[in-house]
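Q: Give me coordinates for this.
(chains A and B)
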Amino acid sequence: MKTTDLLMKIDRRIIYLILLVVVTLPLIFPSVQSVRVMPPVEKLFNAIDTIPADKSLIIDFDYDPQTLPELEPMAIAILRHAFERRIKVLALSLYVQPLGLATNALNQVTAEYNSKASTRADSIIYGRDYVFLGWQPPPLVPILGMGESIINVYKTDYYGNQTDTLPLMQRIKNYSNVGLLVSLSSGDPPRWWIEYAQNRFGLHVGAGITAVSASEFYPYLQTGQFSGLMVGMKGAAEYEEIVSSQMGIVGRRKASEALPSLTYAHLVMIAFIVVGNIGFFIQRRHK
Amino acid sequence: MTLSHDPWVWISAILSIAILSFLFRDNPFYKLAEHIFVGVANGWAVTFYWHNVLMPSLFNPLFRQGQFLLTIPFIIGILYLTRFIPRVSWLVRIPIGISMGYAVGASIPAVSQAYIIKQIQGTILTPENFQAWNAGTTGIIWSVILLLGVICTLSYFFFSREHKGLLGVTSRIGIVFVMIGFGAAFGYTVMARISLLIGRLQFLLGPWLGIID
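A: From the prediction side, this is the model:
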């Protein structure tokens, strides 16, 4: 069999095996890869950083286990940024599946801050600094309803507390008390927030999305409908970088740790595409 | 290297490997893991809906607190189940009609504004749009390329006339933009799928095998 025939008939399992090795080795033997923060991520960082003291940040956790590696590092980095700046956070989800994952992210970052805190004032306190509103179906109802009254939509929070008894909810009535909403999603929610909450109530919206949906959402950034945008694991690593370099926040950076694997895997994919195309053209010429 | 002592980590790791084994070939372990996933996800969602939606928002207020106005949505909701009774299955059109009417009424103005009007505004050559690229003086070049791309791509999808002459030129340029778009989408898809593999490996090598932190 000719070399070109071999190139055209590589067993897909060999490709998977090579990818597995290429992705695994940089995780076991970590190396530092510099991250350049791109303007869309920088815009999101600035949008969160400049939220006025009397306004809050809403984080819409809409990722599930399938998209966890891309979107969870974004959630962690944004929470670290918000808690460091003492920005009040409302968390919610438009789907059922992300609720447990959102709780994990909130608990992890709260624990990080509270382990360093020496007084109650330094600590991140539930109800005072953040509230997890939970889930209220169908998605259109909370998106539109919160423009009028948040506690009317979420009468109880995720843990079953009456929302009108929580100190933070006395201050945050509706979107007029919200500086920015960041939607972390693998699907349509960022678009829904623009279509219904931004169009009708003027809510500022930022987004963290999976790489698969990037080309679908970039147009919203160019028109200014998104205040900033993070795309995939690379976007998460950029946000981790900007939070670390500008605010000195130390903590595990899962997306940044994964970047070498991501880079080498891409190089391997490019090599396979080039080799496959060379084989195809040589074979076609011989015919 | 410290292996996990947490049984849940072991279950998660074994199920992950069972799912990944599909890459070699279809096998009973993959099928088992797939069925467990579907069953658990549905069971959890149904239980969650019952305890967090139906009980607090409908049954408790209606039957325990006497908010009888909720009888109306309750009956409309129940009509969805008439689909299983052939003689009265036509009644299912009522809740479907109400849901569709609400969704369409709410979405038409919102989608037109966000999708069409704002996107058209974004393609107009204005100083604000030049600045939106964050590219300094070259912003004007990107805006012109964007405008050209939109017009040429639209002309490619104009099938009422044969693609000859000026329309032929613009549609050929349009297909180049479409192909660049597909290439970008494919590249991003590769990045997303590799990211998911990395995420799983971070779990398998970390919490399960203890090889990495």
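
Q: what's the helix or strand for residue A:57?
A: Residue A:57 is part of strand A:56-62, with elements assigned from DSSP states H and E.

Q: touching chain B at all, the helix or strand immediately after that strand in the chain?
A: Sequence-wise, the next helix or strand beyond strand A:56-62 is helix A:68-84, with elements assigned using DSSP H and E. Yes: between helix A:68-84 and chain B, judged by C-beta under 8 Å from any C-beta of the partner chain, the touching residues are A:68, A:69, A:70. Using the backbone N, CA and C atoms, a C-beta is placed for each residue, glycine as well.

Q: Next secondary structure element downstream of helix A:68-84?
A: Past helix A:68-84, heading to the C-terminal end, the next element that is a helix or strand (DSSP H and E) is strand A:88-93.

Q: Now do the following helix or strand past that following strand against helix A:68-84: the angle between them, please.
A: Secondary structure here is assigned by DSSP H and E; on that basis, the next helix or strand after strand A:88-93 toward the C-terminus is helix A:98-116. Angle between the axes of helix A:98-116 and helix A:68-84 is 40 degrees (criterion: axes from the mean of the first three to the mean of the last three C-alpha atoms, to 10 degrees).

Q: and the residue in chain B that chain A sits nearest to, backbone torsions?
A: Residue nearest to chain A within chain B (C-beta to the nearest C-beta): residue B:199, separated by 2.4 Å. Backbone dihedrals for residue B:199, given as degrees, to the nearest 10, come out at phi -60, psi -40.

Q: Count the neighbours of the nearest residue to it once chain neighbours are set aside for me.
A: In space, and not counting its chain neighbours, residue B:199 is closest to residue A:69: 2.4 Å by C-beta to C-beta, 6 or more residues apart in numbering or on different chains. When counting by other C-beta atoms under 10 Å in any protein chain shown, one arrives at 27 neighbours for residue A:69.

Q: Tell me the gap between stretch B:126-135 and the middle of its chain.
A: Relative to the mean C-alpha coordinate of its chain, stretch B:126-135 is positioned 30 Å out (C-alpha atoms, centre = their mean, to the nearest Å).

Q: can you check stretch A:238-254 too?
A: 14 Å.

Q: which residues are in contact with it?
A: A:35-38, A:41-42, A:44-45, A:69, A:72-74, A:76-78, A:80-81, A:84-85, A:112, A:208, A:230, A:236-237, A:255-256, B:202, B:213 (C-beta atoms under 8 Å, 6 or more residues apart in numbering or on different chains).

Q: Over to stretch B:70-87?
A: Contacts with stretch B:70-87, where a contact means C-beta under 8 Å, 6+ apart, come from B:58, B:61, B:62, B:88, B:89, B:90, B:91, B:92, B:94, B:95, B:96, B:98.

Q: Can you list the buried residues in the longest helix seen in chain A?
A: Determined from DSSP state H, the single longest helix within chain A is helix A:254-286. Residues of helix A:254-286 classed as buried: A:254-265, A:268-269, A:279 (neighbour count, 16 or more other C-beta atoms under 10 Å in any protein chain shown).
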